[in-house]
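S.K.: got a predicted structure plus its sequence, pasted below:
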Amino acid sequence: MDQIAIVCEVNGERRTVLAHPTDTLLELLRDRLGLSGTKEGCSNGNCGSCTVLVDGAPVNACLVLAQEAPGCQITTIEGVSAPATLSLLQQNLSKLGGTQCGFCTPGIIISAVALLADNPAPTEADIRHAIAGNLCRCTGYDKIVRAIAVTAAQQHSEQGDGDGA
Amino acid sequence: MAHEFQTVATESVGQRIERVDGRDRVAGRAVYAADLVRPNMAFGRTLRSPHAHARIRSIDTSAAMECEGVLAIVTAADFADVPVGATIPMGETGYDMWMVSQLNMARDKVHWVGQPVAVVAARDLHIAEAALALIDVDYEALEPVLDIESAMRPDAPVLHDHVITRGAEPPAHLPSNVCSRTLIRRGTAREAFDAAEATARISVIVDTAHQGYIEPQAMLAEVSADGFATVYTSTQGQFTTELMIARMLDRPQSKLKVVPMEVGGGFGGKIAIHGEAAAVRLAEKCGRPVKLVLSREEILQGGSGPTMGAQIAIEVAADRHGKISAILGTYRVDAGGLPGANPSLMMQASAALYQTEHLWLEGFDVVTNKPRTEAYRGPGGIQGAFSMEQAMDELSLHLGIDPLEFRRRNAAVTGNTMPIGTPFPSIGLISILDAVGEHPCWTTPLAEGDHPRGRGLALGYWRGTSMTSACHVTVGGDGRPIVTMGAVDISGTRTTMTQVAADQFGLSAGDIYVQTGDSKSVGYSDGAAGSRVARTMTAAIVEACGDALEQLRTRAAALMQTTIAEVAYSRGIFSTADGGSITLAELMQETLTAGAIVGRGTSTKLPLGVEIGAHICDVEVDPDTGLVTVLRYTAFQDVGRALNPVAVEGQMQGSVVQGLGWALMEGFDYDNHGRLRNASLLDYRMPTALDVPPIDCVILETPVPNVPYGVRGVGEVPIVPVAACVANAIRRAVGIRTCRMPMTPERVLAAMRASQKQG
């Protein structure tokens, strides 16, 4: 099968990669670009481990063809915080027990990033709804939901402080 | 100049400290086997049986081998012919190596859809996939046996000619699908039952379910030019994996190393190997590293065993005051295509918490043409409790006694006889029941809802195991201890063991480094299973730290020109009565070139840390759809000592949600050819965040005597009572029991309609 050249923007960088016409965005990210933080759990859009942001919206990378990537801005777990730092959300998930085996974690973080961008003050139901496409088999979701809620509250109060300054 | 230790060592054991590996995980930087890449790497794909039961007449791989880009193919002919009865060391009975070899590669016959028949290595996955279609396997299809009842019929097709029922009365002489009969008995249960003032009976069917780890099995094997093989894999035990690969390949263990990668969930499903031996053989044959990653469909469709379904019938009897006199149970477990799903633990676990004079528990291990089942979190516990705890609930209803009070009247206490005949070690069941009785989850009346609501109670017991754990402790030039342990970390082990080592050295957790060793860098340890690691590795680390500190005191004495007896150690400082002192960091700087400090620790046969829990849940049942909504869930558990409460809660919450999945939605659905109809995570539905409520945890601490910190097992028992707890709540909401797990809306609805017709 002849490969095709794909030009796309991943984590703010313009990348040119060769891929099979049948490759998925997940294969492009993991196998061609070495961005292995995005995980493959089911390959057919049911587990959410491969969730990435495409133009700000969370999608299952295993259901998107690599050929659809040109012209899109893609954000993976490697791009959700400044290099060598962790976002508040990432820190809270780690501190509050929101990650156990860690395999679903990158996908959950992407879904939560999308949620908080849209809705800075989500209810517990909003949070559960936002991560309902991400299966986690270790935590029972409790500590994940709490970490996202704590993050939202902290960001809210930080913004409040900022307004006052 | 070394950095100073954090000046005041903070308490570590019992603290809610952050996972030491947490930041890598949230950064997406934790490395799993599927993330590995090697230069010139080849990719493996497995050809699996399309038949549930068939004889393999021949396999022709020649056309596939001619395919451009195909590098090597293996079939059963490439592996040692492991005989029936072969074992490797594990636990009390060893681990069945014949089973492992069949699980990895069918020989002569296939016993389930999805059993491996060949594995291809190719330049890329597309080529490997295409090559599978070119392998010509000549099957002679045989009639499949797909459920317990048909497998037990005298005229059933026999799966294995060597299987003759062990423990049968009268002794069996002919092959059958019943591998063993297990009997646990005390007194004269049938007579006591017939004479009792109150009785309850229940029969349940439990569908097969899957562990559902999110990370598919993944492995990478490379063989050096001089024949040394290294396998990177997602496993619960690097040493048992090494033993299994070596036995399948007839390879000296000295020429094989297993490097355990981060595990993306195991729950029992990553104890046995699932392709590692094939990956090594392929790497040998093609001279390139070989990576093999299972797909989700492969995993569900026979590539990695689910856990056992069961048919269980329970009868319980009591006097009019609610004192139990007899428990009778028959347990038939569906092992899948290979023998060895021992019902003994299920039987013991279900009956252990009740004092009774008369006991008769009979179990059967039955083979069917479905995937060989494997362990899943407290294997057999939830199935057994689903039957027993419902029977106990029915009996308490019949007697008009509050279910908590009923448990209190019959609760086992320390020293009571366990089903296996030995006395209970220190347990705190009564304290758990007391805690339940005082908690709002029990004392607050159920609020009215749109639909009928009910509150359920169920107990859970799990014995766990101990086996062997080993570690060693060295000390770096800056005085900071480095612990290398033989345990794979599937539950936060590196964090809790950091806390233990910090406590032993009187240092802060941040000054300790704990790592999991590969199978060539640390002493033999059994796998991470059976709620054993935190307890036994704690004991090993305590011993190793003590050993290291003795060696350090010897050095400090020499440096301070005094005797060892004169040197005391506390919180990073060696001191003498006359006021002399030297810090651990200074001592190591002075003596780094004087040779290594290596403290050794091993734990074998540690006293059991039996686990007991009580669960309470409130449900609402929609009478029009049969949908059960869990409104509130509270889990009580005696953990001996919580090394890290965040980790303990995480185990409990995760366990409960797995249990809720099996209770309400997860079950394997086979067609009449033995093909799984719901082999995807869309159709095999595991709970999402929307399907479950927050899980409240109540941690109690009754320490185990003669065990460092008194730690009990934690991870398994919180799945045990869940399905029974929900079933008992449904019973109290709408008056019915489905007696079938999972309790799907259609089953609940059918049971409600049947009950209306009867009424």
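M.R.: Yep, it's here.
S.K.: got the domain ranges for the chain?
M.R.: Unless you meant another one, I'm taking chain A. Split into domains by automatic domain parsing, chain A comes to A:4-79, A:88-164.
S.K.: try chain B instead
M.R.: Domain segmentation of chain B under automatic domain parsing yields B:22-30+B:468-603, B:39-143+B:211-303, B:400-464+B:608-758.
S.K.: tabulate those (TSV), appending mean neighbour count and distance to B:Arg185.
M.R.: For every residue, glycine as well, the C-beta is placed using N, CA and C. Formatted as TSV, the entries for the domains of chain B read as follows, by neighbours: other Cβ atoms under 10 Å in any protein chain shown; distance: least, Cβ to Cβ, whole Å:
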stretch	mean neighbour count	distance to B:Arg185
domain B:22-30+B:468-603	21	25
domain B:39-143+B:211-303	21	21
domain B:400-464+B:608-758	21	9
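S.K.: now those as CSV including distance to A:Cys47 and mean pLDDT?
M.R.: Converted to CSV, the domains of chain B look like this (distance: least, Cβ to Cβ, whole Å; pLDDT from 0 to 100):
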stretch, distance to A:Cys47, mean pLDDT
domain B:22-30+B:468-603, 16, 97
domain B:39-143+B:211-303, 6, 97
domain B:400-464+B:608-758, 5, 97
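S.K.: work out for me the element the residue of chain B most remote from its centre sits within.
M.R.: Seen from the C-alpha centroid of chain B, the residue lying at the greatest distance (Cα atoms, centre = their mean) is B:Asp578, 53.6 Å away. Element membership of B:Asp578 [criterion: DSSP states H and E] is none; it lies in no helix or strand.
S.K.: from B:Val120, how far out is it?
M.R.: In this structure, B:Asp578 and B:Val120 are separated by 74 Å, where distance is defined by Cβ to Cβ, to the nearest Å.
S.K.: give the contact list for the residue of chain B found nearest chain A.
M.R.: Of all residues in chain B, B:Gly28 sits closest to chain A, at 2.5 Å by Cβ to the nearest Cβ. For B:Gly28, the residues meeting the contact criterion (Cβ atoms under 8 Å, 6 or more residues apart in numbering or on different chains) are A:Ser36, A:Gly37, A:Thr38, A:Thr76, A:Ile77, A:Glu78, A:Thr105, A:Pro106, A:Ile109.
S.K.: try 7 Å this time
M.R.: Applying Cβ atoms under 7 Å, 6 or more residues apart in numbering or on different chains, we find B:Gly28 in contact with A:Gly37, A:Ile77, A:Glu78, A:Pro106.
S.K.: now the closest residue to it other than its chain neighbours: which helix or strand?
M.R.: Nearest in space to B:Gly28, with sequence neighbours left out and distances taken as Cβ to Cβ, 6 or more residues apart in numbering or on different chains, is A:Gly37 at 2.5 Å. For A:Gly37, there is no helix or strand it lies in under DSSP H and E.
S.K.: I figured A:Gly37 hits A:Glu78, correct?
M.R.: Yes. With contacts counted by Cβ atoms under 7 Å, A:Gly37 reaches A:Glu78, the gap being 5.1 Å.
S.K.: quick one: which of these two has more around it?
M.R.: Neighbour tally, A:Gly37 and A:Glu78, criterion other Cβ atoms under 10 Å in any protein chain shown: the higher count belongs to A:Gly37, 25 against 20.
S.K.: separation between the more buried one and B:Ala352?
M.R.: Applying Cβ to Cβ to A:Gly37 and B:Ala352 gives a distance of 44 Å.
S.K.: just confirm B:Cys697 is within a helix.
M.R.: No. Remark: B:Cys697 does not belong to a helix; assigned using DSSP: H, G, I helix; E, B strand; the rest coil, it is strand.
S.K.: still on that earlier bit, with distance to B:Arg377 added, can I get the domains of chain B in TSV?
M.R.: Compiled in TSV, the domains of chain B are given as follows (distance: least, Cβ to Cβ, whole Å):
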stretch	distance to B:Arg377
domain B:22-30+B:468-603	9
domain B:39-143+B:211-303	5
domain B:400-464+B:608-758	5
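S.K.: returning to what we had before: a markdown table for the domains of chain A, including mean pLDDT?
M.R.: Written out in a markdown table, the entries for the domains of chain A read as follows (pLDDT from 0 to 100):
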| stretch | mean pLDDT |
| --- | --- |
| domain A:4-79 | 96 |
| domain A:88-164 | 94 |
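S.K.: wait, which of those domains is closest to B:Thr484?
M.R.: Checking the domains of chain A against B:Thr484 by Cβ to Cβ gives domain A:88-164 as the closest, at 21.6 Å.
S.K.: hmm, back to that, would you list the phi and psi of the residue of chain B closest to chain A?
M.R.: Backbone torsions for B:Gly28, taken as degrees, to the nearest 10, come to phi 70, psi 20.
S.K.: try A:Ile131
M.R.: Main-chain torsions, A:Ile131, degrees, to the nearest 10: phi -100, psi 10.
S.K.: how much space between it and A:Thr51?
M.R.: Per Cβ to Cβ, A:Ile131 is found 9 Å from A:Thr51.
S.K.: mutual contacts of those two, please.
M.R.: Both A:Ile131 and A:Thr51 are in contact with A:Ser111, where contact means Cβ under 7 Å, 6+ apart.
S.K.: write out the residues of the stretch 551-700 of chain B neighbouring chain A.
M.R.: Residues of the stretch 551-700 of chain B lying near chain A by Cβ under 7 Å from any Cβ of the partner chain: B:646, B:649-650, B:653-654, B:656-658, B:680-682, B:686, B:688-690, B:692, B:694-695.
S.K.: again, 10 Å this time
M.R.: For the stretch 551-700 of chain B, the residues found near chain A under the criterion Cβ under 10 Å from any Cβ of the partner chain are B:633, B:635, B:644-661, B:680-697.
S.K.: number of nearby residues for A:Val150?
M.R.: A:Val150 sits with 17 neighbouring residues when counted by other Cβ under 10 Å.
S.K.: didn't B:Thr538 look like it was pressed against B:Leu606?
M.R.: Yes. Shown here, B:Thr538 and B:Leu606 form a contact pair, counting by Cβ atoms under 10 Å, at 9.0 Å.
S.K.: for B:Glu222, name its beta-bridge partners.
M.R.: The bridge-partner assignment for B:Glu222, based on DSSP bridges, gives B:Thr230.
S.K.: distance of it relative to B:Val263?
M.R.: To B:Val263, B:Glu222 is 20 Å away according to Cβ to Cβ.
S.K.: go through the domains of chain B and name the closest to A:Asp142.
M.R.: By Cβ to Cβ (comparing all of those), the closest turns out to be domain B:400-464+B:608-758, at 4.8 Å.
S.K.: and the closest one, how far apart are its ends?
M.R.: Start to finish, the residues bounding domain B:400-464+B:608-758 are 23 Å apart (Cα to Cα, to the nearest Å).
S.K.: with stretch B:524-537 instead?
M.R.: Between the opening and closing residues of stretch B:524-537 there is a gap of 12 Å (Cα to Cα).
S.K.: please compute how far that stretch lies from its chain's middle.
M.R.: Stretch B:524-537 sits 11 Å away from the centroid of its parent chain (Cα atoms, centre = their mean, to the nearest Å).
S.K.: next one: stretch B:726-734
M.R.: Taking the mean of its C-alpha atoms, stretch B:726-734 sits 28 Å from the chain's own mean (Cα atoms, centre = their mean).
S.K.: again, but for stretch B:496-511
M.R.: Averaging C-alpha coordinates over stretch B:496-511 and over its chain gives two centres that are 27 Å apart (Cα atoms, centre = their mean).
S.K.: that one vs chain A: in contact?
M.R.: No. Applying Cβ under 10 Å from any Cβ, one finds stretch B:496-511 out of contact with chain A, separated by at least 12.6 Å.
S.K.: surely B:Ala151 touches B:Val366?
M.R.: Yes. Checked against Cβ under 10 Å, the pair B:Ala151 and B:Val366 is within contact range at 5.1 Å.
S.K.: tell me which of those two has more neighbours.
M.R.: Here B:Ala151 and B:Val366 are compared on neighbour count by other Cβ under 10 Å; more neighbours surround B:Val366, at 32 against 25.
S.K.: could you measure from the more buried one over to B:Gln311?
M.R.: Separation of B:Val366 from B:Gln311 (Cβ to Cβ): 9 Å.
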